[in-house]
Each structure stands twice: as C-alpha cells, then as structure tokens.
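Sharing a model that was predicted from the sequence below.
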There are 2 protein chains.
Amino acid sequence: MAGPRLTRRGLLAGGAATAVGALAASAPEQEPSRTAVSTGAAVEPFHGPHQAGVATVPQSHAVFVGLDLQPGVDREAIVRMMGLLTDDARRLTGGRAALADTEPELAALPARLTVTFGFGPGLFSTAGVERQRPGPVRPLPSFGIDKLEKRWNGGDLLLQICADDGLTLAHALRMIIKDARSFAGVKWVQRGFRRGPGVQAAGSTQRNVMGQLDGTVNPRPGTADFDRAVWVTDGPDWLRGGTTLVLRRIRAEMETWDAADRVAKEFTVGRRLDTGAPLTGRREHDEPDFDRLTPVGFPVIADQAHIRRAHVADPGMRIFRRVYNYDEGLTPDGHADSGLIFASYQADITRQFLPIQRKLAEADLLNEWTTPVGSAVFAIPPGCAPDGWIGETLLS
Amino acid sequence: MAGPRLTRRGLLAGGAATAVGALAASAPEQEPSRTAVSTGAAVEPFHGPHQAGVATVPQSHAVFVGLDLQPGVDREAIVRMMGLLTDDARRLTGGRAALADTEPELAALPARLTVTFGFGPGLFSTAGVERQRPGPVRPLPSFGIDKLEKRWNGGDLLLQICADDGLTLAHALRMIIKDARSFAGVKWVQRGFRRGPGVQAAGSTQRNVMGQLDGTVNPRPGTADFDRAVWVTDGPDWLRGGTTLVLRRIRAEMETWDAADRVAKEFTVGRRLDTGAPLTGRREHDEPDFDRLTPVGFPVIADQAHIRRAHVADPGMRIFRRVYNYDEGLTPDGHADSGLIFASYQADITRQFLPIQRKLAEADLLNEWTTPVGSAVFAIPPGCAPDGWIGETLLS
C-alpha cells in the first residue's frame, strides 16, 4: 500500500517550518519533533475503488456510530444525506473544512482521518432496495455465548471514523453527525483505541487489553489473499469493490482473567503470552502444529484452544480483523468495563465469518473470559470518484 | 526540561531492531517508523523533588480518577496504600510490570507514562492530620456560573494518569485501581485527550474542542516564573515542592457556540480564531493592548472579553493550565457531550486561582458557552526518592 500523502495545507497548519527549524537544532533525544509534519498532516486518500478505513493501516483512535433513519426519511432523502456526508468526508479527510464547518481550524490536521460508511438492513428496506441487500446483511443468528444488550445492537447506517489524533476525530465526528441528524438519530457510539504511531514498530502485532498479541493471523493488505478475503467480487453488482462488516462488542472479563494463571491462559489461547508463538513453536509467526502431541498423548494445542478453533486453512477464506480496544468508566468498586470492538471485514459473511463464529461459540476456552454484548452487520459500499458519492451504486 | 529517556527494556519491547531495520530500507514517506522507538519507549522520570505529570510536557491521553476512602480506613491504612501505589507507579512509569501485574507485557512500553497523586480534604481528616491541610484545599466557594453535578465533584484521593498511548494508560489505570480498591472506592472518572506526539509542532499551542488556541498565556516549565507560580515554597513544610490542583469539568455548549458567528466568537474571546492573536495584535504571542480603542471610542478588547478577564500581569501569579479535552457519547439527537477537563496547578489557590475565577465568573462573555459541571481540589504532595513514597512528608 502507498504511504499516506502530505498536503501543503496540512504542512503549513502543522507548523512544518517550525518543525524543520527545531530539527536542525535538535539533540538526538528530541527526534519526536521530526514527526510534527508526518503524523498530523498525513492524508489517507478518500477516493478509489474501495472506501478507506478497511485496508488502511489502523489509526490509533476510532469511533463507530450506529444510526437509525428518522421516520419519514425515504430513498430521496437517503440520497441527499449520502451526498452531504460524502462531501463532508471528502473534505475533512483531505484536511479541509466541511462546507458549513463552524470550527474550520480543527480540520487542518487530518492525521490520517478516514470516514467509512456502512448500510444496515433497515436502510435497504427504507430505500425500497430490499432485493439488493446481500442475504447475510441482517442480524447474526444468535449464539449460546451471546449476552447481547439492545443498546449496542443493529443500526441502519454505520459511521466508522478513525484518525491518529483525538481532536481531529472529535471534530470530524461532530461535523458529520450534525449533517446526519436531520436524517438519522444516534443509536449507539463505540470509541476505541490502539497503539499510536511510533509506540511500537510499524506492522508489528498489537496486544489487546487482556495482554494477548491480537491479530497474528490476519490477511495482509496489499496481498492477493487480502483482496480475495475482503473485497466483494461475485456478490451483487452494486457491492463490487465493497465488503461487509460484522461489528461485535466483546467484553473482557478482566476480574476472572486475572485470576487465571499463565499456564491456564496460554493453554486457553494456544499461544505464549510473551512472544505470541503457538505452543508448538518459538516465534509469533511460526505455523501452529495442530497434530503435535505431548509425551502422554494429548494435543499440545488443545482441541478447544482459541487458535485451533479460529484456524482457517485457506488464507483467502479468512476474515480480516481490524480490532480496537475499549476501556470505559470504572464501577465504584474499581472494576473496568473494557474489551474489544471486534470489527471483522469479509467478502462473504456466510462463507467466511459464520463458520469461524460457530466453531468459536461451540467450544473455545476463551469464551470463559469474553462475552459478546453487542452485534451489528453492515454492507460497506465501494469507494467513489471525486465527482461521486458513497452509495451511488445502490441508490442512484 | 530534559527530554524523555529511553530504557533498554523499552527499546527491546518496542522492537527497536525491527524499526532500525525498517528504517534502513525505508522511503522518505515511511519515516514515521523511525519513531517506533521514541514514542513507546520514552520514560518520564518518576523520582525527584516534584511529582511528574505537572511540569511534564502533556501527554496525549489522560485519565483523572477521584476516589473516596472506604469506611474503616485510617492513617495506617493510608500509609500502606500510598506505599503500594507509589511502588506501582514507580514500576509502571519505568516500563516495568507492577508487583502483582497480571499482564506484565502491557507494561513494557511506558510511552511517557506519569502517575500523579493528590490528596483531597477528606484524606486529611481521615488521617488525623487536618491541621496540615492547606486552607484552600476544600471545595471552592460556589460561583453563579456553576451547575455542578455531584457525580463530578470532590474526592479524597486523586489519581492523574497520563501517557502517549491509550493501551499503556488503560493497563496502568487497572493495575493501580486494583491495588487501591481495598482502601478506596471510585467516585468519578474523567478521560481526556490532547494532540498526540507529532501531530503538530512540539511546543505549539493546542486548540480545544471549541476551536480556540488554548493556553497561549501559560507559565513555561523550566522558567523561574513557572517555579514561582506552581511549586509551594512558603506553605506547610510537608507540601514544599508540591502544588495544588483545581480540577474543573467545563462543558462546552457546542450547539449555541456553533450558532454564533466568527465576529461574535472573536469578540467574546478577545483573540482571532485562526492565529490566536489578540484583537490588538497580529501574532499569537503579541501582548494584548487592553487600552486600545476603536475609532468610535470602545475598547478593541471588550471589558468582558475572556482574555481581559483572565489576564494576570505578574507571571509568577498566574495559574498553570494543563488542560485536556473530553468528548463522550452523543445524545440520540446527535448532540456532543464535550468540553474541557480544566486542570489548574498553582502554589496558592487563594492568591492565584480564586481572583481569576472570580473575575471570570463575574463577567466573562465566554460563560455564555461554557458551564462548569464538576469541581474538585487537591493538594499535590512533592515527589519522592527511590526509597520513598508519595505522601511520606505528610503521613510518616
């Protein structure tokens, strides 16, 4: 994938001149100032065959918003809304103020801002294009492990906004929601975080709040396997170049997880906690040997270990996980409310997501310490050209 | 101020070898990988005459937690608690696991983590050291502009945790709260954010959610004015090298702020929104000319403009603002709940904070668009040596 671009506007707003001046005089330990230009002014291209925010290297901050269309909103209104929101997204991701931006200065540093739109089941029926809805874009079948709470479920329209800066994110969210709200009401908001730029080596796997290296086996953007796993090529015409998103809110049961010892945790996951190596290997990316037995004849990687249950042999049939952590509030007795915003992209939910989910729901030791509390499914339309808008292939 | 240090441990955990390898092969647009070492592995020293987290260059993420001591907790218990929490803070800020750390890997990248402790009024009475309480460390007098909500007020103990990474912050918070909770219950939690490393030029003023450059007139750490304004030198003996914190949660009334035009906003603040220059000047740091009149004889900077009301002529009598933005949830009709976590440090609340606060509460045009909804006051004890603990000058 191409690296993010820098805009002249962004450079100026980011104080490039100052940064360069400071750099000339800087001691080695002051090197962070060198990135004054790159992190704040970096732009992720908005236009193209795919929407940004899927193959994009995950930014440090994300907000996912589920909206429900207002009563009385019809197809024409949805078209107007998507034109408006696409225009906002195009401008803001480019480091330009939205059309009616009340704080234009806050738009100047895009920090790799992406805005990704998704269509939930209700949008198809409201727009009268129910026949264009991909079959699996509907609530998932219920699983025995689920403890879904209404406040985190569903939604007619998804906004996924990501950036490497919290203020940029807050501003973009507010501008877009302001334009959306005469058409749609907010159903839920989920905010998440990942390691920021420069916190760990680029491209290395991140840890989640439970301490596990999370995402070792994930299709890599830019590869043929990724393209096959993620982008729709043989679904409905309008969705070619798009994908689908299953968004699950998964609470981490940190209190009981803490009570488990390291051996139990590693047995559960099937990997070492420190290196992320499979229990049959030495390095994170070693292939797990699912057939290896202990001297007394038990599988080294247990039948119900997470990596065995989640394993998919064909790389093009994997799901692409673009996961964020969440951590909110604290109960009066000091218990965290934290976990994963599990965002899974795949070309085909039925062929890719559901088989894995069934295997995990059936018997994954990790279920003891994780609880799905929210679930939503969206079609992610393809990208658009500079004179187009997101959703045009479905609605125009 | 010295730049942050790097630990060998942090370097290893941060994948320095990988980063360096990547660097050798990197094209110019991939330069962010160069900071893989610096942001994640950076350490702010824990020990010293002052606690870290005050003069420290503000990190991108912060959480402020107010706790109330449990019934039955006495001076001895507080001493045990502070010994335990100091040990956690010492280890975690150094990139080492806490003593009973259940996810030690999450401690490896400190990302300039700081942990700052504060003592509220209730701690002094519970510990039987009421006579050592600085007089103004008690709830502020009430102001006409206040709409305080109990859920954001007060607290016997303050934890202020800041880092340049969200996951580091979440882990440190959880480890410290786990050790605190047999002594104290959580009263409130406030999470905030600022521009991250590399988003804008180091040392440049940040904007708040209302779009204003916020903190132009702020004592600069490392100067004599800062030391005079912030560190206690003539208060109670035990607090020498410490300071006091007034923490106000100030909601921004974004809906009505948006409805105001630019001229009205600039008139209100007394500064240009784009450059931050006073209305009588051209650059952000130009001294405002409070005497200048318009051709028809009105002051260019209005009598009730924010910068006039907040102006303090003597730099050593200013307050030091280390402010974070907050942005939480969204109402169903799409209204943001956002504003400022206004953290004001000063040697003397009565001589420094209160006069400014009175002038602002009396007549500041900005009050129309800002509402204080929470208020808490803490003594911030001095720092400690490697064999000491925070609070020892008061409690040992």
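Thanks, I have the structure now. Computed from a predicted structure; not experimentally measured. Numbering: from 1, shown residues only, chains lettered A, B, ... in the order given.

Just say helix, strand or coil for the closest residue to chain B within the stretch 251-396 of chain A.
When scored by Cβ to the nearest Cβ, the stretch 251-396 of chain A has residue A:334 as its residue closest to chain B, at 3.6 Å. No exception for glycine: its C-beta is placed from N, CA and C like everyone else's. Assigned with DSSP: H, G, I helix; E, B strand; the rest coil, residue A:334 falls in the coil class.

Am I right that it is in contact with residue B:180?
Yes: between residue A:334 and residue B:180 there is a contact under Cβ atoms under 8 Å: 6.8 Å.

Within range of chain B, give me the residues from the stretch 251-396 of chain A.
Within the stretch 251-396 of chain A, the positions near chain B by Cβ under 8 Å from any Cβ of the partner chain are A:254, A:257-258, A:273-274, A:325, A:327, A:329-334, A:336, A:338.

pLDDT weak spots in chain A?
Applying pLDDT under 70 to chain A flags residues A:1-37.

And the strands in it?
A:5-6, A:42-43, A:61-69, A:114-119, A:157-163, A:184-193, A:206-207, A:213-214, A:243-252, A:320-321, A:324-330, A:336-346, A:370-380 (DSSP state E).

just so I know, which of those lies nearest residue B:151?
The closest of these to residue B:151 is strand A:324-330. By Cβ to Cβ, the value is 11.1 Å.

what does the closest one contact?
A:58, A:62, A:190-194, A:208-209, A:249, A:336-341, A:343, B:65, B:166-167, B:170, B:173, B:177, B:186, B:189 (Cβ atoms under 8 Å, 6 or more residues apart in numbering or on different chains).

6 Å instead, please
A:62, A:192-194, A:208-209, A:337-339, A:341, B:170, B:186, B:189 (Cβ atoms under 6 Å, 6 or more residues apart in numbering or on different chains).

Could you list the buried residues of that strand?
Within strand A:324-330, the residues scored as buried using 16 or more other Cβ atoms under 10 Å in any protein chain shown are A:324-327, A:330.

Quick one: distance of that strand to the chain centre.
15 Å (Cα atoms, centre = their mean, to the nearest Å).

Restricting to C-alpha, output that strand in CSV.
As requested, the backbone C-alpha atoms of strand A:324-330 are provided in CSV (Å, rounded to 0.1, in the frame of the first residue of the first chain):
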residue,chain,number,x,y,z
TYR,A,324,-9.9,-1.7,18.6
ASN,A,325,-9.7,-1.8,22.4
TYR,A,326,-12.3,-0.1,24.6
ASP,A,327,-12.0,0.9,28.2
GLU,A,328,-14.8,2.9,29.7
GLY,A,329,-15.7,4.1,33.2
LEU,A,330,-15.0,2.1,36.3
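
Off-centre distance for stretch A:142-159?
16 Å.

ok so, going back, tell me the one of the contacts of strand A:324-330 nearest residue B:154?
Of all the contacts of strand A:324-330, residue B:154 sits closest to residue B:186, with 12.6 Å by Cβ to Cβ.

circling back: please, a ChimeraX command that selects the buried ones among the contacts of strand A:324-330?
Typed into ChimeraX, the line below selects the buried ones among these, using 16+ other Cβ under 10 Å:
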select /A:62,192,193,194,208,209,338,339,341 /B:170,186,189
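
Let me know the closest of the contacts of strand A:324-330 to residue A:151.
residue A:337 (12.8 Å).

Please name the bridge partners of that closest one.
Beta bridges link residue A:337 to residue A:328, judged by DSSP bridges.

Next: residue A:370.
With DSSP bridges as the criterion, residue A:370 is bridged to residue A:252.

ok, so what distance separates residue A:355 from residue A:310?
Remark: distance between residue A:355 and residue A:310 (Cβ to Cβ, to the nearest Å) = 11 Å.

Which one's more surrounded, these two?
residue A:310 (19 against 13; other Cβ atoms under 10 Å in any protein chain shown).

dump the residue contacts of the more buried one.
residue A:356.

Tell me how many other residues crowd the closest residue to residue A:187 other than its chain neighbours.
The shortest distance from residue A:187 to any non-neighbouring residue, by Cβ to Cβ, 6 or more residues apart in numbering or on different chains, is to residue A:66 (4.3 Å). Using other Cβ under 10 Å, residue A:66 has 25 neighbouring residues.

and the gap between residue A:66 and residue A:138?
15 Å.

do residue A:228 as well
Where residue A:138 is concerned, residue A:228 sits at a distance of 24 Å (Cβ to Cβ).

Centre of the chain to stretch A:126-146, how far?
Taking Cα atoms, centre = their mean, one finds the center of stretch A:126-146 at 19 Å from the center of the full chain.

residues in contact with stretch A:216-232?
Contacts of stretch A:216-232 (Cβ under 6 Å, 6+ apart): A:1, A:55, A:205, A:239-240, A:242-243, A:276, A:284, A:315-316, A:318, A:320-321, A:345, A:347.

quick one, what contacts residue A:304?
A:363, A:365.

if we can go back for a sec, widest-spaced pair of the buried residues of strand A:324-330?
Longest span within these, Cβ to Cβ: A:324 and A:330, 19.2 Å.

now, among the buried residues of strand A:324-330, which is nearest to residue B:214?
Taking Cβ to Cβ as the measure, residue B:214 lies nearest residue A:327 of the buried residues of strand A:324-330, at 25.7 Å.

residues near the closest residue to residue A:272 other than its chain neighbours, how many?
Leaving aside its sequence neighbours, residue A:272 sits nearest to residue A:266 (Cβ to Cβ, 6+ apart; 5.8 Å). Residue A:266 has 18 neighbours, counted by other Cβ under 10 Å.

So what does the spatially most central residue of chain A look like in phi/psi?
Closest to where the C-alpha atoms of chain A average out (Cα atoms, centre = their mean) is residue A:322, at 4.0 Å. Phi and psi for residue A:322, reported as degrees, to the nearest 10, are phi -130, psi 80.

tell me the contacts of it?
A:58, A:343.

cool, residue A:356 as well?
residue A:310.

same thing but at 7 Å, please
Contacts for residue A:356 (Cβ atoms under 7 Å, 6 or more residues apart in numbering or on different chains) come out as A:310, A:312, A:319.

with the residues you listed in mind, which one is nearest to residue A:99?
For the contacts of residue A:356, the nearest to residue A:99 is residue A:319 (36.6 Å; Cβ to Cβ).

So what's the residue count around that closest one?
25.

Residue A:99 too?
11.

what residues does the longest helix anywhere in chain A touch?
Criterion DSSP state H: the longest helix present in chain A is helix A:75-93. For helix A:75-93, contacts defined as Cβ under 7 Å, 6+ apart pick out A:43-44, A:46, A:97-99, A:107, A:110, A:113-115, A:117, A:123, A:126-128, A:172, A:175-176, A:179-180, A:183, A:384, A:389-391, A:395-396.

So which bits of it are buried?
Applying 16+ other Cβ under 10 Å to helix A:75-93 flags A:77-79, A:81-86, A:88-93 as buried.
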